[in-house]
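Chemist: here is my input; please provide its structure:
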Amino acid sequence: MTPTKPGSSQERAAFEIPDHVTYLNCASLCPRLKVVTAAGRATVERMAKPWTLEASDWFSGKEQLCAAFARLINAQASSVALVPAVSYGVAVAALNVPVKAGDNIVVLDQEYPSNFYSWRRLARECGAELRVAVPTPGGTRTDAIVQLIDRRTAVVATPNCYWTDGTLIDLRRVGAAARANDAALVVDASQSLGAYPFDVAEIQPDFLVTVGYKWLLGPYALGYLYVAERWHSKGVPLEESWLHREGSENFARLVEYTETYKEGAARFGQGESAQLYLLPMAQAALKQIAEWTPARIQRQLSEWTAELASRAASLGLTCADPKDRVGHMIGLRAESGLPDNLVGQLAERDVYVAARGTSIRVAPHLHSTATDIDRLVAALRESLR
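Modeler: Numbers count the residues shown, from 1 in each chain. This next block holds a predicted model:
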């Protein structure tokens with residue numbers, strides 16, 4: 001079988017990747033787009049001349065970026081705020097969802113820490129039960145989550161796919177079960193958004209948070225928080241930034257303190273949300289994703305990972321069935337376990353993947369080619385002898 005090539009040479013050329021490097025670790029840190037690099041250089045140069053900035057620059061860039069992200073998830077821009085990390089967004093959710101003694105909070109077994117620690121602390125503080133969804137033999141992670149949701153469930157916190165191997169969590173089922181029991185749905189979409197379609201009108205999360213430096217192809221330390229409209233007027237922010245108060249555009253009157261927040265989800269954002277250095281880079285990244293579209297990215301990467309799965313099987317490596325995982329990320333396992341130094345051995349051959357849990361996690365993007373599959377399979381064959 002001839003390996004499928006997910007992207008064209010033009011798409012490969014859009015990234016800052018030398019021809020000899022096989023980079024398959026987008027789930028950790030995205031490869032840099034050349035347009036993002038150019039935007040970063042331009043903004044660094046501009047910030048060297050602060051006298052060229054205008055008062056509107058403290059607000060307009062943030063508004064444009066929130067609007068671009070909102071279009072990506074089919075939401076209103078007023079429901080989006082900027083955050084520095086997933087842990088920040090999850091902490092905002094934990095501060096606002098009502099949880100009392102006797103309630104329960106459902107989390108996924110061995111979830112990424114950013115979507116766990118806030119819920120454990122909240123459960124302890126409120127006297128609530130922390131329920132951990134552990135898949136049963138033959139069952140799915142979705143099944144495990146849904147089975148734990150009942151009338152005492154206050155929060156269901158889950159990713160869209162599992163971070164070590166791309167196992168899919170069916171958010172339609174989880175969301176329906178949460179709503180049926182009046183539980184808040186909090187989604188960490190860091191390992192899917194940008195490469196996997198997401199529609200807030202369909203899933204109806206109460207809070208959705210994601211980093212920007214993985215599948216959204218943007219800079220580190222700038223992420224996104226979606227907050228459903230029902231939380232806007234009654235929500236409490238994690239911090240009190242002057243940028244998020246009504247009338248903050250008038251710098252001459254900032255000490256005329258007000259109790260009124262700006263409309264929408266703005267109050268939930270981080271301080272220094274103007275992010276004068278990072279905003280242009282994030283905007284360039286989202287513009288490119290909008291042109292490629294998450295649906296197309298998912299379709300092409302699904303072909304790539306399916307080809308890899310087929311060829312890896314000849315090496316004794318297994319992975320989840322395609323119907324049970326996303327197409328942009330795959331976890332390869334060996335029945336007898338993988339060598340501890342496998343990632344290092346592959347890196348010596350300029351093949352870059354990650355070890356997560358019991359898997360070798362392979363996370364390509366449109367820069368990945370048939371040659372990259374050849375290099376990875378050859379390196380695995382050599383290392384697994």
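
Chemist: alpha carbons of whatever helix or strand Leu185 lives in, as CSV, please.
Modeler: Remark: Leu185 resides in strand 184-188, with elements defined by DSSP states H and E. The C-alpha coordinates for strand 184-188 follow below in CSV (Å, rounded to 0.1, in the frame of the first residue of the first chain):
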residue,chain,number,x,y,z
ALA,A,184,-22.3,21.6,34.4
LEU,A,185,-20.2,20.3,31.6
VAL,A,186,-16.5,21.5,31.5
VAL,A,187,-14.4,20.6,28.5
ASP,A,188,-10.7,20.7,28.1
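
Chemist: determine the longest helix present in this structure.
Modeler: The helix that spans the most residues within the chain, counting by DSSP state H, is helix 294-313.

Chemist: for that helix, packing partners?
Modeler: Where contact means 3 or more CB pairs under 8 Å, 6 or more residues apart in numbering; DSSP states H and E, helix 294-313 is packed against strand 330-334, helix 370-383. Where you see a C-beta, it was placed from the backbone N, CA and C, and this is true even at glycine.

Chemist: just the residues contacting the next helix or strand after the shortest one, thanks.
Modeler: Spelled out, that is strand 330-334. Using DSSP H and E, the helix or strand that directly follows strand 330-334 along the chain is helix 342-347. Residues from elsewhere that reach helix 342-347 (CB atoms under 8 Å, 6 or more residues apart in numbering): 339, 352-355, 360, 376, 379-380, 382-384.

Chemist: repeat for stretch 233-242
Modeler: By CB under 8 Å, 6+ apart, the list of residues contacting stretch 233-242 reads 88, 91-92, 95-96, 227, 244, 248, 254, 261, 265, 267-273.

Chemist: filter the residues you listed down to just the buried residues.
Modeler: The neighbour-count test (16 or more other CB atoms under 10 Å) marks 88, 91-92, 96, 227, 244, 248, 261, 265, 267-270, 273 as buried among the contacts of stretch 233-242.

Chemist: max-length strand in this structure?
Modeler: strand 153-159 (DSSP state E).

Chemist: CA atoms only for that strand, dumped as PDB, please.
Modeler: Provided in PDB are the C-alpha atoms of strand 153-159 (Å, rounded to 0.1, in the frame of the first residue of the first chain):
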ATOM      1  CA  THR A 153     -23.600  15.300  39.900                       C
ATOM      2  CA  ALA A 154     -22.700  18.900  39.900                       C
ATOM      3  CA  VAL A 155     -19.900  18.900  37.400                       C
ATOM      4  CA  VAL A 156     -18.600  16.700  34.600                       C
ATOM      5  CA  ALA A 157     -15.100  17.600  33.600                       C
ATOM      6  CA  THR A 158     -13.700  15.900  30.600                       C
ATOM      7  CA  PRO A 159     -11.500  16.300  27.500                       C
END
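
Chemist: got the angle between the very next helix or strand once past that strand and strand 153-159?
Modeler: Per DSSP H and E, the first helix or strand lying C-terminal to strand 153-159 is helix 171-180. Inter-element angle recorded for helix 171-180 and strand 153-159: 170 degrees (by axes from the mean of the first three to the mean of the last three CA atoms, to 10 degrees).

Chemist: test my guess that Thr153 contacts Val106.
Modeler: Yes. Under the criterion of CB atoms under 8 Å, Thr153 makes contact with Val106 at 5.9 Å.

Chemist: out of the two, which sits in the busier spot?
Modeler: Val106 (28 against 23; other CB atoms under 10 Å).

Chemist: check contacts around the more buried one.
Modeler: So Val106 contacts 131, 133, 145, 148-149, 153, 155-158, 183 (CB under 8 Å, 6+ apart).

Chemist: can you check Glu54 too?
Modeler: Applying CB under 8 Å, 6+ apart, no residues qualify as near Glu54.

Chemist: what's the answer for Ser87, then?
Modeler: 114, 117-118.

Chemist: CSV for the residues you listed, including secondary structure and distance to Leu278?
Modeler: Formatted as CSV, the contacts of Ser87 follow (DSSP: H, G, I helix; E, B strand; the rest coil; distance: CB to CB, whole Å):
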residue, secondary structure, distance to Leu278
Ser114, helix, 19
Tyr117, helix, 25
Ser118, helix, 24
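
Chemist: average pLDDT for the longest strand of the chain?
Modeler: For strand 153-159, mean pLDDT rounds to 98.

Chemist: equivalent analysis for stretch 298-306, please.
Modeler: Confidence for stretch 298-306, expressed as mean pLDDT, is 97.

Chemist: how distant is that stretch from the center of its chain?
Modeler: Centroid displacement of stretch 298-306 relative to its chain, using CA atoms, centre = their mean, to the nearest Å, is 19 Å.

Chemist: buried sites along that stretch?
Modeler: The neighbour-count check on stretch 298-306 (16+ other CB under 10 Å) flags 298, 300-302, 304-305 as buried.

Chemist: which of the residues you listed sits closest to Ser56?
Modeler: Distance to Ser56 across the buried residues of stretch 298-306 (CB to CB) is lowest for Gln298, with 36.7 Å.

Chemist: that closest one: what's it in contact with?
Modeler: Contacts of Gln298 (CB under 8 Å, 6+ apart): 195-197, 326-328.

Chemist: for this protein, give me the ranges with low pLDDT.
Modeler: Within the chain, the ranges that satisfy pLDDT under 70 run 1-8.

Chemist: contacting residues around the residue most central in space within it?
Modeler: Taking CA atoms, centre = their mean, the centroid of the chain lies closest to Ser190, which sits 1.2 Å from it. Applying CB under 8 Å, 6+ apart to Ser190 gives the contacts 86, 112, 114, 159, 163, 209-211, 214-215, 223.

Chemist: for Thr258, same thing?
Modeler: With contact taken as CB under 8 Å, 6+ apart, Thr258 is in contact with 245-247.

Chemist: and what of Tyr162?
Modeler: Contacts of Tyr162 (CB under 8 Å, 6+ apart): 108, 141, 169, 191.

Chemist: ok, Leu168 next?
Modeler: Applying CB under 8 Å, 6+ apart, the residues near Leu168 are 142, 160-161, 324-326.
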